[in-house]
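S.K.: please find the sequence and the predicted model below.
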Amino acid sequence: MNRKPVVIYWDSSALLSYLFKDKHSDLVAEKIRQKGVHLLPTLTIAEVYTVINRLQREHHLPEMVVESLFDILEFGPWSRLNIVPDSTALRKLARRWPLRGSGLWHLATAKTLQQEFPELMILTFDQNLAQASKGEQLKLCVTVRSNQAQ
């Protein structure tokens with residue numbers, strides 16, 4: 001059987017699970033090995049830089065580790081994506097889903113990309129974003145369960 005290459009949109013929850021060991025890290029490691037295109041939007045990068053730098057300021061990460069993380073972000077297996085979501089999609093999706101601003105931005109961006117890449121899947125561990133993505137017929141890479149079920 002000829003499998004189509006995947007197109008995976010990474011949000012910050014997925015990328016942080018790749019960079020820092022947590023309960024999702026093994027699953028994320030499997031996904032990163034999938035052949036295809038791994039999209040890393042600039043918002044995801046900004047959110048992750050924010051976390052890394054906050055951890056450094058709070059003295060949880062030494063400079064050497066921070067630089068290693070920045071190298072992974074810079075040279076990792078992702079295609080950096082500089083895209084702005086469709087403003088009409090933002091307005092419509094904001095009415096349908098009670099998301100934080102970044103979640104809305106990720107959802108609208110993924111929906112915008114889905115028009116060109118119908119095979120697009122979103123990789124997120126954010127429950128609200130996963131629920132809204134499913135509701136908008138976006139394929140999820142993983143099933144996100146509620147905190148009680150984990």
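M.R.: Arrived safely, thanks for sending.

S.K.: so what's C141 up against?
M.R.: Counting by Cβ atoms under 8 Å, 6 or more residues apart in numbering, C141 makes contact with 8, 14, 31, 121-123. (C-beta placed from N, C-alpha, C; glycine too.)

S.K.: quick one: it from E30, how far?
M.R.: 9 Å (Cβ to Cβ, to the nearest Å).

S.K.: how about low-confidence regions in the chain?
M.R.: 1-3, 144-150 (pLDDT under 70).

S.K.: hey, which helix is longest across it?
M.R.: The helix that spans the most residues within the chain, counting by DSSP state H, is helix 42-57.

S.K.: which helices and strands sit right next to that helix?
M.R.: Helices and strands touching helix 42-57, as assessed by 3 or more Cβ pairs under 8 Å, 6 or more residues apart in numbering; DSSP states H and E, comprise helix 12-19, helix 63-75, strand 79-81, helix 101-114.

S.K.: what's the closest of those to P41?
M.R.: strand 79-81 (4.5 Å; Cβ to Cβ).

S.K.: quickly run through the sheet partners of that closest one, with directions.
M.R.: Next to strand 79-81 in the sheet, as set by DSSP bridges, lie strand 36-41 (parallel).

S.K.: how about the partner strand: buried residues?
M.R.: Buried residues in strand 36-41, counted by 16 or more other Cβ atoms under 10 Å: 37-41.

S.K.: turn those residues into TSV, including distance to N53.
M.R.: Below are those laid out as TSV (distance: Cβ to Cβ, whole Å):
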residue	distance to N53
V37	28
H38	23
L39	23
L40	18
P41	19
